[in-house]
Every structure is written in C-alpha cells, then in structure tokens.
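**Q** got a sequence here, can you model it:
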Amino acid sequence: MNAYLNQPVTALKGIGEETAAILSEINIFTIKDLLEYFPYRYEDYRLRDLAEVQHDEKVTVEGKVHSEPSLAYYGRKKSKLTIRVLVGRYLIKVVFFNQPYLKNKIAINETITVTGKWDAHRQIITANELQLGANIKTADFEPVYSLRGSLTTKGMRKFIRLAFQQYGSYIEETLPDHFLQKYRLLNRKDALRALHFPSSQEDVKQSRRRFVYEEFLVFQLKMQGLRKFEREHSPGVSQNYDLQKLKEFLNQLPFPLTSAQKRVVNEMIKDLKSPYRMNRLLQGDVGSGKTVVAAIGLYASVTAGFQGALMVPTEILAEQHAESLRQLLEPFDVRCELLTSSIKGKRRKEILHELAEGNVDILIGTHALIQDEVAFKRLGLVITDEQHRFGVEQRRVLREKGESPDVLFMTATPIPRTLAITVFGEMDVSVLDEMPAGRKSIETYWAKPEMLERVLGMVEKELRKGHQAYVICPLIEESDKLDVQNAIDVYAALSQFFQNRYKVGLMHGRLAAEEKDAVMKQFSSNDVQVLVSTTVVEVGVNVPNATIMVIYDAERFGLSQLHQLRGRVGRGSDQSYCILLANPKSETGQERMRIMTETNDGFVLSEKDLELRGPGDFFGKKQSGIPEFKIADMVHDYRALETARNDAAMLLESSAFWSSPEYEHLRTYLEDSGVLEGEKLD
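**A** Coordinates of the predicted model:
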C-alpha cells in the first residue's frame, strides 16, 4: 500500500497526539486505517410524508409550530416538553424528554425540523434531534460510526474529509479491472467516498457491494492459498487400492449405494490414489449412510497394504461401529479390533502387539487411540467421527501415528454451505445429501405443555408395541435462573407415571463415563424402556427399537440441535415420532417449532438456523474459526461469498496471478498473511 497512506494520522492537519491516542483505541493508527473505518449504519434525514411511515419507524419531518410548548416535570430532574406541529396535512404532537431548555428556543408559527420515532397510533414523534428552521442537513444519509471517548460523529466526518482532501489522490485500486467490469463494481476511491459521504441510498448500496466482494475475495484467497500450500507441501502416500476387490466388496453390500454415497466414495478414493494427503470433511445427515462410506474407504486402504483407524467420541459408539465394521469387512479377511479404556490387561497388550506387527487391519476406538503406547505398522487412513467433539490437538496426534496418512473427518451436524466454505475453507467438503431408500421420515408434532397427558398417552401406545422412548430435558436439575423442566424432576415424575409397567432410566452430563455407558447399555438392550436425558444423547447412539422422542422446552434449543436429537429415533423400520413440548413467547421460537414440523432435511434446517441465530451462535459459542468481517455478512451476502470463492480458486490456479502486475495488490494480501511462507493464518 502507498507510503502516503501508511503515515500516522497526525500527518493530518487538526489531529494532534491526544486525538491520535483516542483514535488508536479503535485501531486507527494510519491515514489508511481512517479511510477504511467504515460506518456501521446510516441516519436517514430525508423528509417523508407521514402517510408512508411505518409505526415505530425513525423519521425526519419539517413543520410549523402550532402551539406554545408545554413543559411538565416528574421524578427527580425528569421533564417532558410537548408541542403541536403542523406537518403537511397532519397536526401531530412532538415530545422531547429531559431537554427543558428547548422551551425558550421554540416559538409559535416557527418552522422546525425534528427527527425521532413515529407512533402512528397516537400520532406522536418522540424526538431526539431538533433543527430550528427548515431541513438544512448537508446529506440525506449521515454515517454513524462506533466511537470512543470524546470522539464525535461530526469530528470523525471532519477527519475523514480531511484525509480525502489531502491524500485521496493516493488511494490505489486493489481489484483487477476485469472484476470491476464483470460485476459493475465502483473503483476503490469512489466506493470509499460513497461509503463515508453518500448522497443517496443507492450510493451506500453500491459502495457496500464493492467492499463485501473485496473482503470475501481476500479472505478466500487466504483460505485457499493455505489449502494449496498445505496440499503441495504435505505429500501424502499414493494408495494403489485393488479396484477389483473394491468392486466385489461393493457388490456384496446388503443394499445398493445411493447416488450421493457413490459420488462421495469416488471423491474419497480419488484422494487415496493422489500423491497429496487427503484432508476432507464428510457431512451427512443422521442416517445418510456415513458408516458405509467409511467402511469402503478403510477397505480400499487395506487392499493397498495399509492400516486404518476410526476414532469416535464415546465407548458405546465405538462398540457399535466395531460391530457394524466387523459384519461388513470380516468376510473379506479384514481384521477389525476395538480399543477403548475399558479394554485392559492381557487383551490390551495382545491388540497393541498385533497392531504394531501389522496383523490388525483396522482399529476402532475412542481417544484411547492417541495414547503413546498405540503404534501402527503402516497407517494409511484416519477417520474421525463427530470431529467437532475432538480438539485440534487430539486430531493432530492421531494423524501423526502414521507418515502423512489420509484424513477424513465425519460429522452428522449439517453445516450450512456458507459456514462450511468459510470455517472449513482449507478442507475439501463432501456432502451426503440423500437418504437410503425405504427410510421412513420421522413425524414431528408441536404440542403445548398443557397437552402433556395426551403426549404421554402416545408414548405409552408405542411402549405397548414393545418399542422404547427418549425424553429430553434442557437442564440436569432445578435452576433459579431458568424455568425449565429438568431431567431429575422429569425422571421422578415419569418413574411415578410408568410405575410397575415400564422401567425409566436417567442420563446426564454429570454422570461418570462408566455410569453413562451402563445406562446406555441398559437402554440398548431394552432393560430400560424410557430414557430421560439431557442433550448428551445427541451424538451417535443407535437404538433402532426407540420410536418416539419427547423434547421438553423445545424452544430453548436451536434448530440444528433439535434435528440432531430427533435423529436418535427413526433408525429402525417402524414409523417414528418426535414431539416438541414448547410454549415459545417469541416469534423466532414459534418459527423454529413450525420449521421443525415441516422438514426433516438437516441442510434446510441448518440454513434456517443460521438465518435465525447468526453465525456466531451456530456452533453454540462464538468460535474462533468464524472470521470477523468489517462490512460483509456471510449469511445475507452468501451469493457474493460463493462468487468470491470461485474467483479465488480460479486466480490461484492461473499463472498470471503469480506474475502479472494487475494482481500485485491481491498477492500482497497472501504475503502479509504468511500463506506463502507456510505459516498458519490468524
């Protein structure tokens, strides 16, 4: 960037050391920082006809004072000043709170301009700004900045105007001409000017379009530059699997693959054969058949002379995976072993010895797989299920058990495409977006809490058929803060209700791992018919006999979490049901319940969830993987994100990008981020 723009703000006339210190608190150090300090909203000072203004909308009107100001005091030092103003054909009231001094400034028959909130029902404007005389604002749209200390919007605009006057001619274009023409984008200088000094709403829209695209393009160049660098500098092992054996294995499967499974398998085995290390995220809704895809990948790796590892978050899940992989693979002479912390002594030593000798083909287990004593002879493929449950460090340790093994991460949490290409931009993403044939869709109902007896009647009807039920609660025990049903109370109430007829179990996060496993085993073997649980059952437990789920206080969960929970039922061939007990007060809560009853598609739900909750809440907490953009919003501007992603991929593959002066500015972003040196991004 131009040296002139990199000067400290004190280079501007009118900014001394004191003001510079305050500006530094909002990360403005240079002229460039000042020019790129974007407003977060705009005040609209256009005069409008009140007939067109919505109730509670902010508005600016000009009118003639029609009555003497009336001042009333209430409370300590609180006041209310009321005047009647004739605005066009409307005689309205204008109210100023706690500004008694205005009484002597406003004269009858004088023209004034006021800005405030319009109450259409009572015909009142609660004003926060007054101009004596006609509307003399210099602009219809005034930017509002996030400020600190003694800084004011007026002062900020003055500084930015000065910066334009003295240094505007040094603002350089950062985007190539052909992108500006292709997308009809403003050049950088005009876009900056329009953002700070707009003369219309259209100005704001066009300048915002330009910077949204620029932010996304720079971000995607960094993400994909990192991916390209890592791919080319982390050579994997080319796994020459036996295609004939793989075809025989696929033909022996008890069911045909869906077209989505075929597509994902092809992506995966292409990665296995390539000389680069696989770094792929496999997203698949609950029940979409990820386990079979994993089995195919592991078998392909074994036929190429390698070993495979599958790491899952819980013991019971590890046992279920081990059982299903053995059924699929043992007829093909593939030895699968299970390793969890429960396997001790002689048996453990034997497995570890056989693994190191290369006699165990596939090892399935919990984080026990990453302990020092676990050594593979020739690890080729590492699969992590529900990868967000493991820390980055745990995944890294497992990967380092081999020499650059291929890595596949699997998740049943459908991540919206927008987030997937933003947060997991350095990975290849595969999606299983189709359900196996014959799977019945889960019927979902929304019931109010007063319908609980009818709901329990429905649960009992399923239990009489020999089926089982989940009952989910948000909290473990009673809390002063939240009036929600808690697992311990619900467990007590249901134990009473089903007394002598059905056995009720309790599961929550404060139980020790062994206790949780014991409860889950009782439920899996139908020794417990009703399982009352918090959300700890969300991931991966497979009980095909469970056909009904009741979720208490369902409005307290996000859509994606409700969908994950619902996926615990519907795993067998019988019709399954999910009942949402909820009395949501907010429109968002009601909308969530409505959406849940209308669709079983996790990807549709995840997109809706993102719209309702925003990206920061999607993973349950503000996650460092989600970038902060100055002006772009990846939910609302997702089309621009897609476009920028495709453009970034095209640029990185073209030789012109690395040599032509036209791309010099974009290359500096990559150099500044350390991608080209192989450093990690912030």
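**Q** who are the neighbours in contact with P143?
**A** P39, R41, Y42, E43, T153, R157, L195, H196, P198 (Cβ atoms under 8 Å, 6 or more residues apart in numbering). Heads up, the C-betas are built off the backbone N, CA and C, glycines and all.
**Q** where does the residue nearest to the fourth one when sequence neighbours are not counted fall, secondary structure wise?
**A** When the adjacent residues along the chain are set aside, E43 lies closest to E142, with 4.6 Å between them (Cβ to Cβ, 6 or more residues apart in numbering). Following DSSP states H and E, one finds E142 within strand 141-144.
**Q** could you measure from D574 over to M549?
**A** 13 Å (Cβ to Cβ, to the nearest Å).
**Q** quick one, which of those two is more surrounded?
**A** Using other Cβ atoms under 10 Å as the criterion, D574 and M549 rank with M549 on top: 26 against 17.
**Q** for V459, list the residues it contacts.
**A** Neighbour list for V459: A469, V471, V530, I548, V550 [criterion: Cβ under 8 Å, 6+ apart].
**Q** among these, which ones are in strands?
**A** Among the contacts of V459, DSSP state E puts A469, V471, V530, I548, V550 in strands.
**Q** for stretch 161-180, which outside residues touch it?
**A** Residues outside stretch 161-180 that contact it (Cβ under 8 Å, 6+ apart): 1-2, 4-5, 11-15, 31, 34-35, 185-189, 192-193, 196-197, 213-214, 217, 647, 662-663, 665-666.
**Q** any idea how far it is from the chain center?
**A** 34 Å (Cα atoms, centre = their mean, to the nearest Å).
**Q** any idea of the mean pLDDT in that stretch?
**A** Stretch 161-180 shows a mean pLDDT of 92.
**Q** go through that stretch and flag the buried ones.
**A** Residues of stretch 161-180 classed as buried by neighbour count (16 or more other Cβ atoms under 10 Å): L162, A163, F164, Y167, Y170, I171, T174, L175, P176, F179, L180.
**Q** the first one: which element?
**A** L162 belongs to helix 153-167 when elements are defined using DSSP H and E.
**Q** list residues touching both of D574 and M549?
**A** Shared contacts of D574 and M549, defined by Cβ under 8 Å, 6+ apart, are absent.
**Q** tally of neighbours for K448?
**A** If we define neighbours as other Cβ under 10 Å, then K448 has 10 of them.
**Q** before we move on, the earlier item: mind putting the ones in strands among the contacts of V459 in TSV, pLDDT, neighbour count and distance to G75 included?
**A** Listed next are the ones in strands among the contacts of V459 as TSV, based on pLDDT from 0 to 100; neighbours: other Cβ atoms under 10 Å; distance: Cβ to Cβ, whole Å:
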residue	pLDDT	neighbour count	distance to G75
A469	95	27	56
V471	94	26	50
V530	95	26	56
I548	96	27	56
V550	96	25	50
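**Q** closest to R568 among the buried residues of stretch 161-180?
**A** Comparing the buried residues of stretch 161-180 against R568 with Cβ to Cβ places F179 closest, at 47.7 Å.
**Q** phi, psi of the closest one?
**A** phi -70, psi -40 (degrees, to the nearest 10).
**Q** how much space between it and M650?
**A** 11 Å.
**Q** re the thing from before, pipe the contacts of V459 into CSV and attach distance to T303 per row.
**A** What follows is these, written out as CSV (distance: Cβ to Cβ, whole Å):
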residue, distance to T303
A469, 43
V471, 45
V530, 45
I548, 43
V550, 46
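**Q** which of those lies closest to R280?
**A** In terms of Cβ to Cβ, no member of the contacts of V459 lies closer to R280 than I548, at 35.7 Å.
**Q** how about the secondary structure of the nearest residue to V407 once chain neighbours are set aside?
**A** Distances taken as Cβ to Cβ, 6+ apart put V382 closest to V407, at 5.1 Å, once the chain neighbours are dropped. Three-state call for V382 (DSSP: H, G, I helix; E, B strand; the rest coil): strand.
**Q** quick check: beta-bridge partners of V382?
**A** Using DSSP bridges, the bridge partners assigned to V382 are A309, V407.
**Q** that one: neighbour count?
**A** Residues lying near V382 (other Cβ under 10 Å) number 25.
**Q** and it, what does it touch?
**A** So V382 contacts G308, A309, M311, L398, R399, K401, G402, P405, D406, V407, L408 (Cβ under 8 Å, 6+ apart).
**Q** distance to K262 and pLDDT added to the residues you listed, as a markdown table?
**A** What follows is these, written out as a markdown table (distance: Cβ to Cβ, whole Å; pLDDT from 0 to 100):
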| residue | distance to K262 | pLDDT |
| --- | --- | --- |
| G308 | 21 | 92 |
| A309 | 25 | 91 |
| M311 | 26 | 87 |
| L398 | 28 | 64 |
| R399 | 27 | 66 |
| K401 | 30 | 74 |
| G402 | 28 | 70 |
| P405 | 24 | 85 |
| D406 | 19 | 87 |
| V407 | 22 | 86 |
| L408 | 16 | 89 |
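**Q** out of the contacts of stretch 161-180, which end up buried?
**A** For the contacts of stretch 161-180, buried by 16+ other Cβ under 10 Å: 5, 11-12, 15, 31, 34-35, 185-186, 188-189, 192-193, 196-197, 213-214, 217, 647, 663, 665-666.
**Q** of these, which belong to helices?
**A** Of the buried ones among the contacts of stretch 161-180, the ones assigned to helices by DSSP state H are 31, 34-35, 188-189, 192-193, 196, 213-214, 217, 647, 665-666.
**Q** helices along the stretch 451-600 of the chain, start to end?
**A** 452-464, 487-497, 513-524, 559-566, 587-598 (DSSP state H, counting those that start in this stretch).
**Q** between strand 468-472 and the first one, find me the angle.
**A** Spelled out, that is helix 452-464. Here helix 452-464 runs at an angle of 150 degrees relative to strand 468-472 (axes from the mean of the first three to the mean of the last three Cα atoms, to 10 degrees).
**Q** what mean pLDDT does helix 452-464 have?
**A** Helix 452-464 comes out at a mean pLDDT of 94.
**Q** what do you get for stretch 252-263?
**A** pLDDT averaged over stretch 252-263 gives 90.
**Q** to the chain's geometric centre, what's the distance from it?
**A** Stretch 252-263 has its C-alpha centroid displaced from the chain centroid by 30 Å (Cα atoms, centre = their mean).
**Q** in that stretch, what's buried?
**A** For stretch 252-263, by 16+ other Cβ under 10 Å, it's L257, T258, A260, Q261, R263.
**Q** out of those residues, flag the one nearest to P69.
**A** For the buried residues of stretch 252-263, the residue nearest P69 by Cβ to Cβ is A260; the value is 70.6 Å.
**Q** tell me who's in contact with the closest one.
**A** Contacts of A260 by Cβ under 8 Å, 6+ apart are S288, V431, L432, D433, E434.
**Q** got these as TSV, with pLDDT columns?
**A** Below are the contacts of A260 laid out as TSV (pLDDT from 0 to 100):
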residue	pLDDT
S288	81
V431	85
L432	85
D433	81
E434	80
